[in-house]
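K.L.:
what's the 3D shape of this:
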Amino acid sequence: MSAYNGLFADYNCLSAAEGLLSAGKENEIETFDMFFREIPDKGGFAVMAGLGTLCEKLMALSFNDGDLAYLREQGFSEKLVNYLSEFKFECDLYAMPEGTPIFPNEPIIKVHGPAIQAQLIETLLLNTINYQTLVATKANRVSRAASGKQVVEMGARRAHGADAAIEGARAAYIGGVDATSLLPAARKYDIPVVTMMGHGWVQLFDSELEAFKSYLEEHGDDGALLVDTYDTLGSGVKNAIEAFNNVLVPKGLRPAGVVIDSGDMTYLSKRARRMLDEAGFPDCAIYASNSLDEVLIKDMLNQGAKIDGFIVGEKLITSSSSPVLDGVYKLCETEKNGEKLPAIMLSNNVNKITTPCSKRVWRLFDMETGKAIADVLTLDSETVGEEKTYSLFDPDFTWKRKTVDNFVAREMLVAVFKKGELVYESPSLEQIKFYCNEQVASLWEEVVRFENPHRYYVDFSGKLWGIKQSMIEKIMHESDGTGEKING
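P.N.:
Modelled structure (predicted):
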């Protein structure tokens, strides 16, 4: 089954679709928000990713004869099967562009359309955006820790499946890595690809020197030599130097580099740098690998490691230190007989209370510094930026207020699909990566820092806050605190 297939859905999505058909509600219009609640690794922001992939999947979404037969076997009604046999995506979809820094509890995707369709795509949407956003966020942390030094993604061997490896490489490039080792990802998304030597290559030959010379004969100045198969300093770097002199120098070529994959890489890199410089190869780069992440990279550089690039694998592709983005997809508005009715979900866990109404998201930028000030959620009918000053207030602690002036407001959700037709021209991956770097640079250093980042504020307009509070009070009054959702 292709991941683009309509059956990529949890059972409850299809049972909800069947229920809507049975109740005659399949064409009622609903609006859903996708948002997340916690930033991975307790960071200051996440990086939006996966929209381009989601567009591909939604455009290809369909149910083939085998899918329909399986649904019949599972006991689904013929009415649902007939509906799905002619399925065509017909919703409006708005999203924050890929590469945008995003924050908790603000809509990053908004879906508006027939109830049955909005519910059917939930699993596909969350799976695609949650995973790629998670990896792009981790990649941005790793790349910032590397302080401008090259970062190569090499996580396919421990990724959670082939699709995760390919889509993860895409997301990692958006987040800031420079290249991948995975050929299908490089081919599909035009990501720079790098040549890697394995320990197995070295072990195939009678000597390490012979392995190095053979590799350089094949790859020339594109080949970096892995020098820690036996003894990094005692043999690896020494044999690399001899191989450079024997194979590359006579051809007028210079070495690409050496790779250290184990041991105390700070110490080893310093010694290796001295040996290479003394041998006449100060331009030979030193790369480090071996289960790296932003913490280890930052520590090594702070300790003066002589490392020019980092090869990062499983801790990036799985975001192992914080392996889940808790993105959710919640109903915020319904339409009945032409009337728009806000929807809210309450919970005993106050963090799970949703924000009603179809919303717009605005980002306010200081015109003098270019830095982002805050995000503001408003009703669809409201506009931010026409006034000279704007009063911000914290929706949780309303006494915390700030008046801003000399600002420009940018609307963050852009139209992607209109009635199922793609209206958004996705930028190239290179353009998305550049945009991501530019937008992260618009955040204050206090938000971007790794340790105890400053909270970036996502505020409400007064009207939106008032609607939410009145709905909470109404449902608590009518249900004595036991209800979980109210419309109207």
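
K.L.:
how far away is residue 131 from residue 204?
P.N.:
36 Å (CB to CB, to the nearest Å). (C-beta placed from N, C-alpha, C; glycine too.)

K.L.:
the two: who's more crowded?
P.N.:
Legend: neighbour count by other CB atoms under 10 Å for residue 131 and residue 204, higher for residue 131 (24 against 11).

K.L.:
can you pull out the strands in the stretch 201-350 of the chain?
P.N.:
Assigned by DSSP state E, counting those that start in this stretch, the strands in the stretch 201-350 of the chain fall at 224-226, 257-260, 285-288, 309-312, 328-336, 339-345.

K.L.:
turn the ones you listed into JSON lines, columns for mean pLDDT, distance to residue 245 and mean neighbour count.
P.N.:
Shown next, in JSON lines, are the strands of the stretch 201-350 of the chain (pLDDT from 0 to 100; distance: least, CB to CB, whole Å; neighbours: other CB atoms under 10 Å):
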{"stretch": "strand 224-226", "mean pLDDT": "96", "distance to residue 245": "13", "mean neighbour count": "26"}
{"stretch": "strand 257-260", "mean pLDDT": "97", "distance to residue 245": "14", "mean neighbour count": "24"}
{"stretch": "strand 285-288", "mean pLDDT": "97", "distance to residue 245": "17", "mean neighbour count": "22"}
{"stretch": "strand 309-312", "mean pLDDT": "97", "distance to residue 245": "23", "mean neighbour count": "26"}
{"stretch": "strand 328-336", "mean pLDDT": "95", "distance to residue 245": "59", "mean neighbour count": "18"}
{"stretch": "strand 339-345", "mean pLDDT": "95", "distance to residue 245": "69", "mean neighbour count": "17"}
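
K.L.:
among those, which is nearest residue 13?
P.N.:
strand 328-336 (10.2 Å; CB to CB).

K.L.:
for the closest one, packing partners?
P.N.:
strand 29-35, helix 122-145, strand 339-345 (3 or more CB pairs under 8 Å, 6 or more residues apart in numbering; DSSP states H and E).

K.L.:
most tightly surrounded among these?
P.N.:
helix 122-145 (a mean of 25; mean count of other CB atoms under 10 Å).

K.L.:
which one of the strands of the stretch 201-350 of the chain lies closest to residue 246?
P.N.:
strand 224-226 (12.6 Å).

K.L.:
okay, the helices and strands packed on strand 328-336 in a markdown table with distance to residue 310 next?
P.N.:
As requested, those are arranged in a markdown table below (distance: least, CB to CB, whole Å):
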| stretch | distance to residue 310 |
| --- | --- |
| strand 29-35 | 32 |
| helix 122-145 | 8 |
| strand 339-345 | 43 |
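
K.L.:
and of those, who's closest to residue 363?
P.N.:
strand 29-35 (15.2 Å).

K.L.:
show the average pLDDT along the helix or strand following that closest one.
P.N.:
The helix or strand immediately downstream of strand 29-35 is strand 46-47, counting by DSSP states H and E. Strand 46-47 comes out with an average pLDDT of 98.

K.L.:
rewinding a little: for residue 15, which of the strands of the stretch 201-350 of the chain is the nearest?
P.N.:
strand 328-336 (16.2 Å).

K.L.:
ok, that closest one: who's next to it in the sheet?
P.N.:
Under the criterion DSSP bridges, strand 328-336 sits next to strand 29-35 (antiparallel), strand 339-345 (antiparallel) in its sheet.

K.L.:
and those strands as a markdown table, adding distance to residue 60?
P.N.:
Below are those laid out as a markdown table (distance: least, CB to CB, whole Å):
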| stretch | distance to residue 60 |
| --- | --- |
| strand 29-35 | 20 |
| strand 339-345 | 30 |
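
K.L.:
for these, which one sits closest to residue 435?
P.N.:
Comparing those by CB to CB, strand 29-35 comes nearest, at 20.2 Å.
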